[in-house]
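> Build me a structure from this.
(chains A and B)
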2 protein chains.
Amino acid sequence: MSFPDDLSAAAIAVAGRLATALDALPPSRVRDAMGHALHGGKCLRGYLVLESCALHDVDRARALSAAAAIEAMHAYSLVHDDLPAMDDDAMRRGRPTVHIAYDEATAILAGDALQTLAFELCAQTGDAALTGALARAAGAQGMVLGQALDIEAETAPEPLTLDQIVHLQQGKTGALFGWSCTAGPMLAGADTAPLSAYAEALGLAFQIADDILDTEGDAATAGKRLQKDAEAGKATFVSLLGLQAAKHRAAGLISQACDALSPYGARADSLRQAARFVISRDR
Amino acid sequence: MSFPDDLSAAAIAVAGRLATALDALPPSRVRDAMGHALHGGKCLRGYLVLESCALHDVDRARALSAAAAIEAMHAYSLVHDDLPAMDDDAMRRGRPTVHIAYDEATAILAGDALQTLAFELCAQTGDAALTGALARAAGAQGMVLGQALDIEAETAPEPLTLDQIVHLQQGKTGALFGWSCTAGPMLAGADTAPLSAYAEALGLAFQIADDILDTEGDAATAGKRLQKDAEAGKATFVSLLGLQAAKHRAAGLISQACDALSPYGARADSLRQAARFVISRDR
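Residues are numbered from 1 along each chain as shown, chains lettered A, B, ... in the order given. Below is the predicted model of the structure:
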């Protein structure tokens, strides 16, 4: 199968696991809003979990719980990032954001409950250490820290430096990528180093590609508002490096990511394909 | 020791555990806001965890992790409940709420990171089942559901019935009380039934006492705005039962809670004291 087919298959399997989890909740407006938020993602993080688990022969049910967990976590972060007090976005994944489709209180609660669901699903792997690692990736030493630095950057007197942006993105995007890629070896009690190195390069390349898309892409294809960093006068990889150098840097990181997979040999070819896809135009 | 001394001792121990967890985070405005939110709680839920663990001879370090987890979870729920889009409160625990002392974006993120911290601390017990139970208590089948029902009640055409309020409070308050009281037997692999029954009666009595305080108390002692349910025209235990019958109902529930502890004999006397304190005027 090609990578887009693999990704679709992962998205379908993870959506099924999430639908089962939502169906187990009592009916409520918040549950509906959670469903809205989970709809239509590409499931890249869930795919990475499933691949990393497959490389380590992790039981499929546990792998799916972990993959569904990271997609619930990602969805929660988007719902809260889109709130009026945060990025104030009206469109996400080609549809109205949760606070537009429902209301702000429901969006806050739906985000909260999606985070809770992420931990519930993760705990279903039976692995408390994996759950602890998910918390460290998501919390004020990981994703939330990156988000907080991003918000502070908006009112900072000087645009961020390249090092500061790398640090911010390691939190905002890198931490969940890192957890996703190492979930397999963590569940199998194996060495996480190769997939951790892969994830670090991949996460940074992904964010550079996002900045490139923000400059070159169109909103209809992306399913969200673009060029908002430039409008806000925020430094990005593109504004700091220039478009060509940013593309070159992203390509270099993808080579680095693929090289990190060498201990797995050809078994990791689908993760290499995934890495190349991440910086392609039509992701 | 008397119950207020026991509670203070628990609050000091749990605050120490939480301070260690916060110190391990990189410095940030969000971390400061998390500290603000954790400050000054009575630590009733943390106390219940410690007592329930002591009754089952759970290792002190694991008990403290679980107690700190539930206080972080409770603090997150207060930060988000106080947001302008939710209850819009400016005062909590006698101090400005987080979105007043900091700003709304920081309050959203600090609440998010406190929930994450709760799961990180819970995972440190090494017990994935306890972590799963915490998620079920906090999520859209527990606390968040109760909060959502509470918000829906504000715009409902009819005031809630007594049954509906009991259901709402079982989510909003009861679920975390239930987890707190059963953390000990869960960690020890023992029967949770007696402490579960205790928690159910205690949680309901607590909420009735809260409604009574809302009617009779003064804001300075309570450290928060009062009479807001009456102002909002919301049904409460007091509005539905009348003040005297509400007090009678609370007292009956406390007897029921104490009776549920009979398998523990005199060893559970401090939990009996705690139950009586919950409906006393000066809590």
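> CA only for contacts and neighbour counts going forward, please
Noted.
> show me what contacts the residue of the stretch 151-283 of chain A found nearest chain B?
In the stretch 151-283 of chain A, the residue that lies nearest chain B is A:Ile151 (8.2 Å; Cα to the nearest Cα). For A:Ile151, the contact set (Cα atoms under 8 Å, 6 or more residues apart in numbering or on different chains) comprises A:Met86.
> For it, give its distance to B:Ser77.
22 Å (Cα to Cα, to the nearest Å).
> low-confidence ranges in chain A?
Along chain A, the model assigns pLDDT under 70 to residues A:1, A:219-222, A:226-227, A:230-231, A:281-283.
> Please report how far the residue of it positioned farthest from its centre lies from A:Lys234.
In chain A, the residue that sits farthest from the middle, by Cα atoms, centre = their mean, is A:Pro157; the gap is 29.0 Å. A:Pro157 sits 11 Å away from A:Lys234, going by Cα to Cα.
> what number of residues lie near the closest residue to A:Ala113 other than its chain neighbours?
Closest residue in space to A:Ala113, ignoring its immediate chain neighbours: B:Gly139 at 5.0 Å, by Cα to Cα, 6 or more residues apart in numbering or on different chains. Applying other Cα atoms under 10 Å in any protein chain shown, we find 26 residues neighbouring B:Gly139.
> Surely B:Gly139 and A:Gly111 touch.
No - using Cα atoms under 8 Å, B:Gly139 makes no contact with A:Gly111, being 10.3 Å away.
> A:Asp57 looks like it's in a helix, true?
No - A:Asp57 is assigned coil when assessed by DSSP: H, G, I helix; E, B strand; the rest coil, not a helix.
> Contact partners for it?
A:Asp57 is in contact with A:Ala188, counting by Cα under 8 Å, 6+ apart.
> Tell me, how many residues neighbour A:Ala68?
For A:Ala68, the count of nearby residues is 31 (other Cα under 10 Å).
> Run a quick check on it versus A:Ile12, I expect a contact.
No - assessed by Cα under 8 Å, A:Ala68 is found out of contact with A:Ile12, at 10.8 Å.
> Can I get the strand or helix carrying A:Gly178 in CSV? Just the C-alpha atoms.
Element membership for A:Gly178, per DSSP states H and E: helix A:175-188. Written as CSV, here are the backbone C-alpha positions of helix A:175-188 (Å, rounded to 0.1, in the frame of the first residue of the first chain):
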residue,chain,number,x,y,z
ALA,A,175,6.1,16.4,22.2
LEU,A,176,3.0,14.5,20.9
PHE,A,177,5.0,13.4,17.8
GLY,A,178,7.6,12.0,20.1
TRP,A,179,5.1,10.1,22.2
SER,A,180,3.3,8.8,19.1
CYS,A,181,6.5,7.4,17.6
THR,A,182,7.8,5.8,20.8
ALA,A,183,4.5,4.3,22.0
GLY,A,184,5.4,1.0,20.3
PRO,A,185,8.8,0.5,22.0
MET,A,186,7.4,1.8,25.3
LEU,A,187,4.6,-0.8,25.2
ALA,A,188,7.1,-3.5,24.2
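> quick one, longest helix in chain A?
Secondary structure of chain A per DSSP state H: the longest helix is helix A:193-216.
> could you say what helices and strands that one packs with?
helix A:162-169, helix A:175-188, helix A:237-241, helix A:243-260, helix A:269-278 (3 or more Cα pairs under 8 Å, 6 or more residues apart in numbering or on different chains; DSSP states H and E).
> Distance to chain B added to the ones you listed, as a markdown table?
Shown next, in a markdown table, are the helices and strands packed on helix A:193-216 (distance: least, Cα to the nearest Cα, whole Å):
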| stretch | distance to chain B |
| --- | --- |
| helix A:162-169 | 12 |
| helix A:175-188 | 13 |
| helix A:237-241 | 23 |
| helix A:243-260 | 27 |
| helix A:269-278 | 28 |
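> Can you tell me which of those helices is most buried?
Neighbour counts (mean count of other Cα atoms under 10 Å in any protein chain shown) averaged over each of the helices and strands packed on helix A:193-216 peak at helix A:175-188, with a mean of 26.
> Compute the inter-axis angle for that one and helix A:162-169.
50 degrees (axes from the mean of the first three to the mean of the last three Cα atoms, to 10 degrees).
> gap between helix A:175-188 and the chain center?
13 Å (Cα atoms, centre = their mean, to the nearest Å).
> what do you get for stretch A:102-121?
Counting by Cα atoms, centre = their mean, stretch A:102-121 comes out at 17 Å from the chain centroid.
> quick one on the thing from earlier: and the longest helix of chain A with helix A:269-278, angle?
Orientation note: helix A:193-216 sits at an angle of 20 degrees relative to helix A:269-278 (the same axes, to 10 degrees).
> Helix A:193-216: which residues count as buried?
Judged by neighbour count using 16 or more other Cα atoms under 10 Å in any protein chain shown, the buried positions of helix A:193-216 are A:194-215.
> same question, stretch A:96-106
Buried residues in stretch A:96-106 (16+ other Cα under 10 Å): A:Pro96, A:Thr97, A:Val98, A:His99, A:Ile100, A:Tyr102, A:Glu104, A:Ala105, A:Thr106.
> Check stretch A:61-68 too.
Those would be A:Arg62, A:Ala63, A:Leu64, A:Ser65, A:Ala66, A:Ala67, A:Ala68, for stretch A:61-68 by 16+ other Cα under 10 Å.
> ok, back up a step: in three-state terms, how would the residue of the stretch 151-283 of chain A closest to chain B be classified?
Going by three-state DSSP: A:Ile151 is helix.
> ok, it to B:Glu104 distance?
Distance of A:Ile151 to B:Glu104, computed by Cα to Cα: 11 Å.
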